[in-house]
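Sequence first, predicted coordinates after that:
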Amino acid sequence: MSDISTVLSAAVSSGDLLADSLANITELLASTDCPVTHGSVRELAESGNWNELNDRFYKKLAFGTGGLRSRTVGKTVTSFEQGAGAPLDRPEHPAVGTNSMNFYNISKATQGMVQYLKKHHVAEGREGLPGLAIAHDSRHFSRDFAEYAAKIAAENGCDAYLFDDIRSTPELSFAVRHFGATGGIMLTASHNPSHDNGFKAYFEDGAQIVEPHASGIVELVRATASDQYQPLPEADQGQVHIVGEEVDQAYLARLKDVMLQPDILSKAEGLKIVFTNLHGTGGFLVPTILKDLGFDFSTVAEQDEPDGRFPTVPSPNPENASALQMAIDQAESTGADLIIGTDPDCDRMGAGVADENGKIQLLTGNQIGSLMAYYRCKTFNDLGIVNDTNRQRAVLVKTFVTTELQRAIANHYGIPIVDTLTGFKYIGGKLRKYEESLPAGIRATYGDLSAPEQRDIQLEHGTFFVFGGEESYGYLGADFVRDKDGNGSVIILAELAAYAKSQGKNLLQLLDDIYTQFGYFLEQGKAKVFEGADGAAKIAKLAESYGTNPPTEIDGTVVTSVRNFATETFTDEEGDEIPKEKMLFVDLADGRRFAVRPSGTEPKIKYYLYGKSAPGGDLAANKAAVAESLDGLWAALEADIEVRLG
């Protein structure tokens, strides 16, 4: 690359190209003779597209405890990447770059992960080869990456269980346990824009990796210097098993157990639901399960087909009103009671409810989770399953940034509640702890038991998981999956709507009943987006500033406490130490509070604002007052952000 080296070096001297970018470009080009790689770098350099080169090369895509996530289609697509093109307007090749989602990074991640799984398999004294379940969503290159990861796993001595087509993240989690695999890989970028893709890593319990295994896997992935490797002798290689319907049927059977009162539909005449999978994996099983359970529903036909472009939405994120607009229009024109949307890998779920005028009102993630938590706590209590003899063996799990309304609900029913850090892997880690606390003889056959049998054992010998969730539209109602489950969440919410209908109410009215009983809780999620290399530096500077210079007053109100999870040591309600995390909570004297944390998957820093009123009183007035107080808090925080960034 002699002539292009001169151009790149001159760009560093002029300040157009970062020195780290040049180092990573040089290393990558030296490691491969791939014409797409060399040609793309040359094309971007000769056109002077230094911003694109810096975004692609300013760092090596770091494998964290959640895996990998980045652009797989560049802001600028080179002619070499475009090639002959592919269906659905996809380039022929993924974006070149050490900071891009491509075969180079998939190879390094899979190699390192397989190394760790093999060591763990041997350390546990298990026979045969370790197993790795692999699934993918409908995103660009997801199938290609999944097949490549399966090939790498097998050639490095690991059996691979590769799904025959798109599947959801929760089914991948289920499959890890179903096959007794040592780990799992999900190729998805969840609800990110269409140009992104990612690699989620799972351990043998079906949850995303946590300590002590997380550090071990991360270390081996980062130590993998090249995407090239020498396959093991054929006799030592694993097999790639194509799987599908068998897992689907086993997973569907367990999903049906999530519904607590199947007969509730007979008391909810006329309930109508509109469902959309937003061109993702939710359409694979959700319509089947809703039909089998007897719900009256329709789908948004224009969004049924899996499509990595997500062509009918600005972004395939069910948190956003724009993503659900077609479902809203269909529901309002057909008189439906409820709309439900799942993201591309069907781990998140958004929803809206028809008000008294037939207009759809969207619910927040905190509202959806609180309704679910209320219904499951109340129903288990009313059915006598959770009672005075065992309720201390039940548990509701949420993240620190999720609404405290759920704590009020759990306390009312005498059910313990535990907070975890953001990331469903921490809820999954709790579920593993609860399972491992069971007597060894019971634990050996635990996975083969029915849901009622597992529940009875947990309430007698262990800890019964009632519900878990996070404010970012992720929920879980049973422990046969160890990640947030959009499929199961659809069932819970549909049953909840049927319950409300049986009481002559809609979910909005039921939510107001909850607010009247427990107090009005309002949360606002805000974020500042800073993209690229410059943006990453701003996010780091802003996050650090809250620790080194914490606020003492915000919006005219004194700060009463600051909890810095990055530097202080905390334990949760069960006495378990909380891992260090770049997250900071600030409490104000008037009862308001806010939290700050950099996103682990997106180029943004997130702010969580909280306000509440006491139970009773004029609910409409309480809502207005709390909303106004949080608007004032955000205005003050935005002004403070400008000062902190200088």
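Good, I have the coordinates. Residues are numbered from 1 along each chain as shown.

list the buried ones in the host helix or strand of Gln325?
Using DSSP states H and E, the secondary-structure element containing Gln325 is helix 325-334. Within helix 325-334, the residues that qualify as buried are Gln325, Met326, Ala327, Ile328, Gln330, Ala331, Glu332, counting by 16 or more other Cβ atoms under 10 Å. In short, each C-beta sits where N, CA and C put it, glycine included.

And stretch 526-535, by the same measure?
By neighbour count on 16+ other Cβ under 10 Å, the buried set for stretch 526-535 is Lys526, Lys528, Phe530, Gly532, Ala533, Gly535.

ranges for the helices of the stretch 51-200 of the chain?
Counting by DSSP state H, counting those that start in this stretch, the segments of the stretch 51-200 of the chain that form helices are 79-82, 103-123, 142-155, 169-178.

tell me the contacts of Lys604?
Contacts here follow Cβ atoms under 8 Å, 6 or more residues apart in numbering; on that basis Lys604 touches Ala527, Lys528, Val529, Phe530, Ile539, Pro598.

whoops, I mixed them up, Ala153
With the criterion set at Cβ under 8 Å, 6+ apart, Ala153 makes contact with Thr110, Val114, Leu132, Ile134, Asp159, Ala160, Gly238, Val240.

Tell me the spacing between the nearest residue to the fifth one once chain neighbours are set aside and Val96.
Setting aside the residues directly before and after it, Asp159 is nearest to Gly238 in space (Cβ to Cβ, 6 or more residues apart in numbering), at 4.1 Å. When Cβ to Cβ, to the nearest Å is the yardstick, Gly238 and Val96 sit 30 Å from each other.

What of Leu22?
On the measure of Cβ to Cβ, Leu22 and Val96 end up 15 Å apart.

Comparing these two, which shows the higher neighbour count?
Val96 (28 against 18; other Cβ atoms under 10 Å).

isn't that one right up against Glu81?
Yes - in this structure Val96 lies within contact range of Glu81 using Cβ atoms under 8 Å: 6.7 Å.

Can you check which residues contact both of the two?
Residues touching both Val96 and Glu81 (Cβ under 8 Å, 6+ apart): Val36, Ser40, Gly74.

can I get these in CSV with pLDDT?
Supplementary listing: these in CSV, determined by pLDDT from 0 to 100:
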residue, pLDDT
Val36, 97
Ser40, 98
Gly74, 97
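
and which of these is nearest to Pro603?
The closest of the shared contacts of Val96 and Glu81 to Pro603 turns out to be Gly74 (Cβ to Cβ; 15.0 Å).

tell me the contacts of that closest one?
By Cβ under 8 Å, 6+ apart, Gly74 lies in contact with Glu52, Asp55, Arg56, Glu81, Ala95, Val96, Gly97, Ser100, His195.

how close does it sit to Val12?
With distances defined as Cβ to Cβ, the gap from Gly74 to Val12 amounts to 21 Å.

repeat for Leu28
16 Å.

again with Met101
The spacing between Met101 and Val12, counted by Cβ to Cβ, is 26 Å.

Looking at those two, which is more packed in?
When Met101 and Val12 are compared on other Cβ under 10 Å, the one with more neighbours turns out to be Met101, at 30 against 16.
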